[in-house]
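Novice: predicted coordinates and the sequence they were generated for:
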Amino acid sequence: MSLAPGREALDVSWDFEWWNTGSFEARGFFSHLQAGWAKAEHRAHVGWLELSGKKVLFDAGYAPRFHDCAAPRLAAVYRWATPATIPAGSSVRERLAGRQVDHLLLSHWHADHTGGLLDIPEASVWRPFSSHEAVRQEALSACAPLKGILVGQFPDDLPGRPGASFSARLRDVEAAPLMALPVGRWPFLSVLDGSCRDVFGDGSLATVDLPGHALGHYGALFQTQLAGRPVLVLLCGDAVWDERELTAEWTRGPAALFGFHSLSEAAKTTRLLRRLCAAAKACGMERDLYVLPTHCRLAANRFVADGGRE
Ligand SMILES: [Zn+2]
C-alpha cells in the first residue's frame, strides 16, 4: 500500500480511546524530584485505535495475571515497588469484549505494558528487530524482574525464538519506510523529521523512535477528532512519565535508575519531545498536539476534558 495521489500523511482520523488498565501509587519523589513526598498515581494506559475496520492497540497495559507473575522471588520486589491496583473490567481482555486486534504496537517489553499480551494471540506485534536478541537475553536473565520484565506475561516462545509461533506474528518496525511528515499543515512536526516510520504503508500512522527508557522503545503518532476538530496525538509510552517533564522541566527521580536502558539516550529523547511541544506552542498550535505519556494522569484527564474518550 502507498499514499494515494494528492493525499498527505496523517490526514485521516482514527477513532481513538485512551484506556486506563490500572495504576499504582508511590511517593512522588521516587519518580520525579519535584513531586515531593505526597503519593502520586501512576496509571497504565493503552491506546485503542480503529480505522476502516483495522483495529490497533498501543501497548497491552496491566492485566490481573500481573499479580501471579509477580509473586515469586525477585518478581516480588517488582510487585512491591509497583503495587498495582487493577479494577475489574479495566484490562485489555475485558475492554475488548471479544473484539479481535489486528496489530499491537508494543512500545517496549516492561510488565506494565505487556499484561494483556496473552489475551490477543491473533495480533501482529510490531517491534524493532535490531533490539530483539538483546531483549530476549534480558528477558531470560535471572534479573529480568529488576529490569521491569515479567516473562510469565509473555507467550512461551517470546520474545521471538526463531521458528516458534510467536515469531511469525512479529513485524519489524525498522523495515517500514520513513514517513514524510505533513509539515505544511503541522509545521512543528519538522522536529520529528527522520524518526517516523509508515508502519501500515498508508500514511495513516507513524511510529516514532523514542529511545532510552528501554531497548527499541518507540511511540505512535496519528490524527484523531477531538470535539469535532482534527488534532494530532503522540502516544509517547515511557519516553516521559509525566507531562510536566515536557512543560515544567520536571526531572526523573531515583526510580529512573532501575530498568532504564540508557539514561543519556532517555535525556536526549526528553529534549526532543520538549522541542516538539515548544515548536507547537511557537506556531500557536499547542492545542493541535496531545502528547500522552502512558502513565500520566494529568495528560489523560486533560485529553478527556477536551473531548477525548477513555
Ligand atoms: Zn511503564
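Specialist: Sure, I can see it.
Novice: got any ranges where the protein has weak pLDDT?
Specialist: For the chain, applying pLDDT under 70 flags the ranges 1-2, 4-5, 70-80, 156-164.
Novice: which parts of this protein are strands?
Specialist: Using DSSP state E, the strands of the chain run over 13-27, 39-51, 54-58, 103-105, 124-127, 170-172, 196-197, 205-209, 218-226, 229-237, 289-293.
Novice: quick check: end-to-end length of stretch 207-222?
Specialist: With C-alpha to C-alpha, to the nearest Å applied, stretch 207-222 spans 9 Å between its terminal residues.
Novice: could you dump the strands of the chain into JSON lines and include distance to residue 307 and mean neighbour count?
Specialist: Every residue, glycine included, has its C-beta placed from N, CA and C. Formatted as JSON lines, the entries for those read as follows, by distance: least, C-beta to C-beta, whole Å; neighbours: other C-beta atoms under 10 Å:
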{"stretch": "strand 13-27", "distance to residue 307": "11", "mean neighbour count": "19"}
{"stretch": "strand 39-51", "distance to residue 307": "16", "mean neighbour count": "21"}
{"stretch": "strand 54-58", "distance to residue 307": "19", "mean neighbour count": "22"}
{"stretch": "strand 103-105", "distance to residue 307": "23", "mean neighbour count": "24"}
{"stretch": "strand 124-127", "distance to residue 307": "28", "mean neighbour count": "22"}
{"stretch": "strand 170-172", "distance to residue 307": "32", "mean neighbour count": "16"}
{"stretch": "strand 196-197", "distance to residue 307": "25", "mean neighbour count": "22"}
{"stretch": "strand 205-209", "distance to residue 307": "20", "mean neighbour count": "24"}
{"stretch": "strand 218-226", "distance to residue 307": "5", "mean neighbour count": "23"}
{"stretch": "strand 229-237", "distance to residue 307": "9", "mean neighbour count": "23"}
{"stretch": "strand 289-293", "distance to residue 307": "11", "mean neighbour count": "23"}
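Novice: can I get those strands in TSV with distance to the ion?
Specialist: TSV is the format used below for the strands of the chain (distance: least, C-beta to the ion, whole Å):
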stretch	distance to the ion
strand 13-27	10
strand 39-51	7
strand 54-58	12
strand 103-105	15
strand 124-127	16
strand 170-172	21
strand 196-197	22
strand 205-209	17
strand 218-226	12
strand 229-237	7
strand 289-293	9
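Novice: out of these, nearest to residue 306?
Specialist: Nearest to residue 306 among the strands of the chain is strand 218-226 (5.7 Å), distances taken as C-beta to C-beta.
Novice: can you tell me how far residue 92 is from residue 117?
Specialist: 9 Å (C-beta to C-beta, to the nearest Å).
Novice: joint contacts of these two?
Specialist: residue 60 (C-beta atoms under 8 Å, 6 or more residues apart in numbering).
Novice: quick revisit: mind putting the strands of the chain in CSV, distance to residue 152 included?
Specialist: Formatted as CSV, the strands of the chain follow (distance: least, C-beta to C-beta, whole Å):
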stretch, distance to residue 152
strand 13-27, 17
strand 39-51, 17
strand 54-58, 20
strand 103-105, 18
strand 124-127, 17
strand 170-172, 20
strand 196-197, 31
strand 205-209, 27
strand 218-226, 24
strand 229-237, 22
strand 289-293, 26
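Novice: of the ones you listed, which is nearest residue 181?
Specialist: strand 196-197 (6.0 Å).
Novice: which residues are contacting that closest one?
Specialist: Contacts with strand 196-197, where a contact means C-beta under 8 Å, 6+ apart, come from 173-174, 176-179, 181, 206-209, 221.
Novice: which two of these have the greatest separation?
Specialist: Spatially, the most separated pair among the contacts of strand 196-197 is 174 and 181, at 17.8 Å (C-beta to C-beta).
Novice: so for those two, which sits in the more crowded spot?
Specialist: When residue 174 and residue 181 are compared for neighbours, residue 181 comes out ahead with 24 against 14, by other C-beta atoms under 10 Å.
Novice: from the ion, how far off is that one?
Specialist: Residue 181 is 26 Å from the ion, where distance means C-beta to the ion, to the nearest Å.
Novice: which one is that residue nearest to, not counting chain neighbours?
Specialist: residue 189 (4.2 Å; C-beta to C-beta, 6 or more residues apart in numbering).
Novice: check contacts around the one you found.
Specialist: Neighbour list for residue 189: 181-183, 232, 276 [criterion: C-beta under 8 Å, 6+ apart].
Novice: who's in contact with residue 242?
Specialist: 31-32, 35, 250, 293, 295-296, 298-299.
Novice: residue 122 reaches residue 98, doesn't it?
Specialist: No: Residue 122 is beyond contact range of residue 98, at 11.6 Å (criterion: C-beta atoms under 8 Å).
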